[in-house]
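In: my questions are about this predicted structure, shown below with the sequence.
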Amino acid sequence: DSGVTQTPKHLITATGQRVTLRCSPRSGDLSVYWYQQSLDQGLQFLIQYYNGEERAKGNILERFSAQQFPDLHSELNLSSLELGDSALYFCASSVKGYSPLHFGNGTRLTVT
Amino acid sequence: AQTVTQSQPEMSVQEAETVTLSCTYDTSENNYYLFWYKQPPSRQMILVIRQEAYKQQNATENRFSVNFQKAAKSFSLKISDSQLGDTAMYFCAFGGYALNFGKGTSLLVTP
């Protein structure tokens, strides 16, 4: 158990809808990362927060947004969903930059 | 741009044998970390081994070791005495604040 909690485990929704994925980092970790893993693909970095502030941005679509709250949990909001957004979304946390990432079990999003 | 290349999409090894997975990367940074992660069929991402770029000594973790060649920007993973439970997708990753991942190598360990 990595200590990183992601909810929900599975999410099925229709095109055009909006969903929110939630992540609670490991106790003591200040950094939260979001990654997208599409079928048979590696992990694409979306965004990173450190202690409530955005630290780095990857290939995150404008339809996607995220935030990290004062209690350090994070939410990833996906809107105007398209079929191509179907993927496994991972949250990871670390104490700080240059530290190993500890991954949650992911949220499997299916857009129909 | 920082890129990671894993040139072997699939590999197979017999139980108890040794296998080496390749990884190359491209960066203009001088200070970074490198990692190998394992993703078994359960889809969990599990840290296998970590290497700091400023360290010349190759990291070792039980049956797992790396061959880090900084000048060549190469970071290969050697798995010794392969076990059935090593069957998984293996991802090479490097970076600082955020990690860049390769597309992975699917490793099958056969009896």
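Out: Structure received.
In: which parts of chain A are strands?
Out: Along chain A, counting by DSSP state E, strands occupy A:5-7, A:10-13, A:19-24, A:31-37, A:43-50, A:53-57, A:64-68, A:74-78, A:87-94, A:102-103, A:107-111.
In: same for the shortest one, what does it pack against?
Out: Translated: strand A:102-103. strand A:87-94 (3 or more CB pairs under 8 Å, 6 or more residues apart in numbering or on different chains; DSSP states H and E). Every residue, glycine included, has its C-beta placed from N, CA and C.
In: quick one: is the strand it packs on near chain B?
Out: Yes - using CB under 8 Å from any CB of the partner chain, strand A:87-94 reaches chain B at A:88, A:90, A:92.
In: pull the contacting residues for the first one.
Out: Contacts here follow CB atoms under 8 Å, 6 or more residues apart in numbering or on different chains; on that basis residue A:88 touches A:36, A:37, A:38, A:106, A:107, A:108, A:109, B:43.
In: which residues touch the last one?
Out: Right, the one you point to is residue B:43. By CB under 8 Å, 6+ apart, the contact set of residue B:43 is A:88, A:105, A:106.
In: and for the second one?
Out: By CB under 8 Å, 6+ apart, the contact list for residue A:37 reads A:43, A:44, A:87, A:88, A:89, A:90, A:106.
In: now, which of those residues sits nearest chain B?
Out: Nearest to chain B, judged by CB to the nearest CB, of these is residue A:43 at 4.3 Å.
In: count of neighbours near the closest one?
Out: Neighbour count of residue A:43, defined by other CB atoms under 10 Å in any protein chain shown: 26.
In: what pairs with it across the strands?
Out: Beta-bridge pairing for residue A:43 (DSSP bridges): residue A:37.
In: I'd say it and residue A:36 touch.
Out: Yes - Residue A:43 lies in contact with residue A:36 (CB atoms under 8 Å); the separation is 7.2 Å.
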